[in-house]
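Novice: Here's my sequence, what's the structure:
(2 chains)
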Amino acid sequence: MGEVIVVTSGKGGVGKTTTTANLGTGLASLEKKVVLVDTDIGLRNLDVVMGLENRIVYDLIDVVEGRCRLKQALIKDKRLETLYLLPANQTRDKTAVSRQQMIDLTARLKEEFEFVLIDCPAGIEMGFKNAIAGAEQALVVTTPEVAAVRDADRIIGLLEAAEMEAPRLIINRLRPDMVRKGDMMDIEDMLEILAIDLVGVVPEDEYIVISTNRGEPAVLDRHSRAGQAYRNISRRLLGEEVPFLNWDAGGGFMARLRKLMGLG
Amino acid sequence: MSSNVCFWRDDGEKRPRLFSCRGRIYLVSVEKYIKPQRILPPGNKEESPVSSASGGETREAAGAAPIAPTEDEKGRMAGLPSGTGATSSNESPTSNRQLPTSLDRAGIPRGGKGPNHTFFVSRTVRSGQRFKYPGNIVVMGDVHPGGEIVASGHIIVMGTCRGVVHAGAEGDEKAVVIAFRLQPTQLRIAGYITRAPDDENPGGGEEPEIARVQDEAVIIEKYQPGGEKRWISGSTIQEEEEQNG
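Specialist: As a prediction, the model looks like this:
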């Protein structure tokens, strides 16, 4: 039996889809059998980020409404053998699927896969409720902004009310240089507000924009710092103890020099 | 005949993989075969009871705050003559009246009775919009990625075609797709599904092109004025001959 993990955030644009794509690819590159489920019906993006848009024939709605078999709708990744995607439908909306249908679907998926990663839509309405319905664990993604942290807090409350296992936090798009100058919330501030376990910190990285547009997850790029962070999170999801990235290295020479001179 | 046709099978694969030629750009066929589907004439709702129930919720939401038209818009081109033989076993009562959307005015049906009438879409087909019609479809605009055109006959896109197009969706392998700029996400004709290869850009786009099925592969070639007589009228004539006996 596999683990069903929902990736959620409340606020839009903080990196749920990017995180889902990268963690799925990261886990699959560690030879786990992974399926990514896009539940953002009507505004699907995960297929584009994975570069699999042109392979879609059937989707999640076709599966739950019985127009095709589950195997027919699963799209095999073009890079990794053990990674699959179940795409969302683009012409319907969130009401096209019910909570019970999602529970049944995830139950079938976890029989075959070691990890079922669910990409949750933004918001707290029906799409969110459907996405968390079949999940056992949750990863909450936030960025170091007051609005994103506020929404993450709301989401954690809803997850706890839904009796989810303790949700874990991913801090995305952190800029260590700005944190050092005191212009950005730091990790401790966020952990104090949200009071949940941290599973990873992903630094801001230009390469994410490039890889997202190309449809190639950054986790496969050895030189991407965000990719390194996602590789570490993937290993932590497997229960390994992986030390957090050293942020000072990202600050550049001048920042280190300033710190040495006691100005940082 | 077209000189740039080339396709071959890779026997190492479980299923034969077909490659279709377009100059130096090859289309890769997806390892799935799509079954012929029945396209109902407008007015007949094809959705299963499950989705018509959820459709009701959509309408309420739309009444409270106008939302961009959703899936209900597909195949709802009112006032058309019923297509011949286009009936369905699972059609639900049409008492479920729908609010008019702007897409109702997006197209005009033209042509006579039978499978040869044509629906005109006089707007850009955007992501999430889907037009499905038992006949030909002509789009006077672009088809964006995420948009979908499904016709039992031919499809002509006057602008750039970047979405999913499915001609001959009821199984007619003689159906063609013509576009001024043909760069589809996925191109389907009857049961054939093709896409551009991963390692090359969509290609084409310099001149109008026509896609059709030949020798168990989809080929794309430059559209030759006058050539449509061969492919479009040819299939009609042949169909009529078949019908006549």
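Novice: How many residues are close by the residue of chain B found nearest chain A?
Specialist: For chain B and chain A, the shortest gap (Cβ to the nearest Cβ) falls at residue B:195, measuring 3.9 Å. Heads up, the C-betas are built off the backbone N, CA and C, glycines and all. Counted with other Cβ atoms under 10 Å in any protein chain shown, the neighbours of residue B:195 add up to 20.
Novice: doesn't residue B:186 make contact with it?
Specialist: Yes. Using Cβ atoms under 8 Å, residue B:195 is in contact with residue B:186, at 5.1 Å.
Novice: How about the residue of the stretch 151-264 of chain A found nearest chain B: what's its closest non-neighbour residue?
Specialist: In the stretch 151-264 of chain A, the residue found nearest to chain B is residue A:215; the distance is 8.8 Å by Cβ to the nearest Cβ. Leaving aside its sequence neighbours, residue A:215 sits nearest to residue A:51 (Cβ to Cβ, 6 or more residues apart in numbering or on different chains; 2.3 Å).
Novice: Secondary structure class of that neighbour, three-state.
Specialist: What DSSP: H, G, I helix; E, B strand; the rest coil gives for residue A:51 is coil.
Novice: what about it, how many residues close to it?
Specialist: Applying other Cβ under 10 Å, I find that residue A:51 has 20 neighbouring residues.
Novice: can you pull the contacts of it?
Specialist: Residues in contact with residue A:51 (Cβ atoms under 8 Å, 6 or more residues apart in numbering or on different chains) are A:78, A:214-216, B:198.
Novice: redo that, cut-off 7 Å
Specialist: A:78, A:214-216 (Cβ atoms under 7 Å, 6 or more residues apart in numbering or on different chains).
Novice: Ok, residue A:80 next?
Specialist: A:25, A:28-29.
Novice: how close does it get to chain B?
Specialist: As judged by Cβ to the nearest Cβ, to the nearest Å, residue A:80 and chain B stand 14 Å apart.
Novice: Verify the assumption that that residue is located in a helix.
Specialist: No. Note on residue A:80: no helix contains this position according to three-state DSSP, which reports coil.
Novice: Spell out the secondary structure type for residue A:18.
Specialist: Using three-state DSSP, the secondary structure recorded for residue A:18 is helix.
Novice: any idea which helix or strand comes after the helix or strand that contains residue A:25?
Specialist: Assigned by DSSP states H and E, residue A:25 belongs to helix A:16-29. Using DSSP H and E, the helix or strand that follows helix A:16-29 in sequence is strand A:34-38.
Novice: got the residue ranges for the strands in chain A?
Specialist: Along chain A, counting by DSSP state E, strands occupy A:3-8, A:34-38, A:75-76, A:83-86, A:115-119, A:137-142, A:168-174, A:197-203.
Novice: orientation of the first one relative to strand A:137-142 in degrees?
Specialist: In terms of direction (axes from the mean of the first three to the mean of the last three Cα atoms, to 10 degrees), strand A:3-8 departs from strand A:137-142 by 20 degrees.
Novice: Please name every helix or strand in contact with strand A:3-8.
Specialist: helix A:16-29, strand A:115-119, helix A:126-133, strand A:137-142 (3 or more Cβ pairs under 7 Å, 6 or more residues apart in numbering or on different chains; DSSP states H and E).
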